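>>> I'd like to go over a predicted model; first the sequence, then the structure.
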Amino acid sequence: SAVISQKPSRDICQRGTSLTIQCQVDSQVTMMFWYRQQPGQSLTLIATANQGSEATYESGFVIDKFPISRPNLTFSTLTVSNMSPEDSSIYLCSAVENTIYFGEGSWLTVV
Amino acid sequence: QKEVEQNSGPLSVPEGAIASLNCTYSDRVSQSFFWYRQYSGKSPELIMSIYSNGDKEDGRFTAQLNKASQYVSLLIRDSQPSDSATYLCAVNQGYGGSQGNLIFGKGTKLSVKP
C-alpha cells in the first residue's frame, strides 16, 4: 500500500496568514486529492490535484483560497490562504494506488 | 445533491458481539464503496472496499453491498474494545467521477464495552 507523508502534522496559525501543506507519496500515483475535515464533521473533498495542470475544485472551494500544486507523480501541496478561524480543520491528502489511501493529516488551528 | 447517510450513533455493543453499521447512498450509478475507521485524533484508515453486490469478508469484517437498494453495510464479528472508533462510509462519485473522488457519510461512532 502507498505510504503518504504530510507536513506539517500540526500547526497553530495566525489569522490572515497562509500555510502550505506538503504531501509526499512513496510511489508514483496517478490521482491525488485534498480533503478537509472540520471539527466534528466528516471529510469533504476540496480538489483533485492534477499533475501538470490546474487542480479541479469542488463546489464551494476556489483556487484563490486553496491553491494546489502537483509538480510530479509523487508530490503535491495545498496552501490555505488568508486563514480565518473557520479554516481550523484537519487537511488530508489522499492518493489512489489500487485503492484509496490517506495521509496522516495536517491539524491546523487558526487563532 | 449526492449524499451518503449513516446513523451517527453512538452504537454500543458488548465485547464479543457483532456490530452492524449501515450506510445508504443517493447516487444510483456509484460503483465503488469503502469503509474507513477513524480513531479520535487520527486520520481515516481503510478497512474494506467493495465493488460488487453481495458479501466480502476480510478477517472479522464483512462488507455487504446491495446496489438495487443503494445500501452498504459493515459487520464486525467478535467486537473488541480496540474496535471503538468512528466508522466512515465513502462512495465514489459515480460515472465521470475519478476513483478517489469520494463522498463521505458523517460516520457512526462505535463503542465496544468490555
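Right, received. Where do you want to start?
>>> which secondary structure elements does the one helix or strand in chain A whose mean pLDDT sits lowest contact?
None of the helices or strands of chain A scores lower by mean pLDDT, DSSP states H and E than strand A:99-102, at a mean of 87. Judged by 3 or more Cβ pairs under 8 Å, 6 or more residues apart in numbering or on different chains; DSSP states H and E, the packing partners of strand A:99-102 are strand A:89-97, strand B:33-38, strand B:45-50. C-beta here means a position set from N, CA and C on the backbone, and glycine is covered the same way.
>>> which strands border it, and is each parallel or antiparallel?
According to DSSP bridges, strand A:99-102 has the following sheet partners: strand A:89-97 (antiparallel).
>>> the strand it pairs with: how far from the chain's middle?
6 Å (Cα atoms, centre = their mean, to the nearest Å).
>>> tell me the mean pLDDT over that strand?
For strand A:89-97, the mean per-residue pLDDT is 93.
>>> got it, and stretch B:44-59?
On average, stretch B:44-59 scores 94.
>>> right, and the helices and strands packed on strand A:99-102 - which one's nearest B:Asn7?
Minimum separation from B:Asn7 across those (Cβ to Cβ) falls at strand B:33-38, 14.1 Å.
>>> contacting residues around the particular helix or strand that has A:Ile46 in it?
Secondary structure from DSSP states H and E places A:Ile46 in strand A:43-49. The contact list for strand A:43-49 (Cβ atoms under 8 Å, 6 or more residues apart in numbering or on different chains) reads A:31-38, A:55-58, A:61, A:66, A:68-70, A:76, A:78, A:91-92, B:44, B:88, B:90, B:98, B:100-104.
>>> next SSE after that strand?
strand A:56-57.
>>> that following strand: partners in the sheet, and parallel or antiparallel?
Strand pairing (DSSP bridges) places strand A:56-57 next to strand A:43-49 (antiparallel).
>>> run through the bridge partners of residue 37.
Unless you meant another one, I'm taking chain A. Beta-bridge pairing for A:Gln37 (DSSP bridges): A:Leu43, A:Ile90.
>>> not quite, I wanted chain B
Going by DSSP bridges, B:Arg37 forms beta bridges with B:Glu45, B:Tyr87.
>>> output the below-cut-off pLDDT ranges for chain B.
B:94-98 (pLDDT under 70).
>>> one more: chain A?
Confidence mapping of chain A against pLDDT under 70 gives zero matching residues.
>>> from the centre of it outward, give me the first residue you hit.
A:Trp34 (3.8 Å; Cα atoms, centre = their mean).
>>> list the residues that contact that residue.
A:23, A:45-47, A:49, A:66, A:68, A:76, A:78, A:91-94.
>>> how about 10 Å then?
Taking Cβ atoms under 10 Å, 6 or more residues apart in numbering or on different chains as the contact definition, A:Trp34 lies against A:21, A:23, A:45-49, A:55, A:57-58, A:61, A:66, A:68, A:76-78, A:91-94, A:103.
>>> the strand holding A:Ile46 vs strand B:33-38, what angle?
Using axes from the mean of the first three to the mean of the last three Cα atoms, to 10 degrees, the inter-axis angle of strand A:43-49 relative to strand B:33-38 is 110 degrees.
>>> on that earlier part again, contacts for the next helix or strand after the least confident helix or strand of chain A, please.
Next along the chain after strand A:99-102, taking DSSP H and E as the criterion, comes strand A:106-110. For strand A:106-110, contacts defined as Cβ under 10 Å, 6+ apart pick out A:6-17, A:19-23, A:36-37, A:39, A:78, A:80, A:83-93, B:41, B:43.
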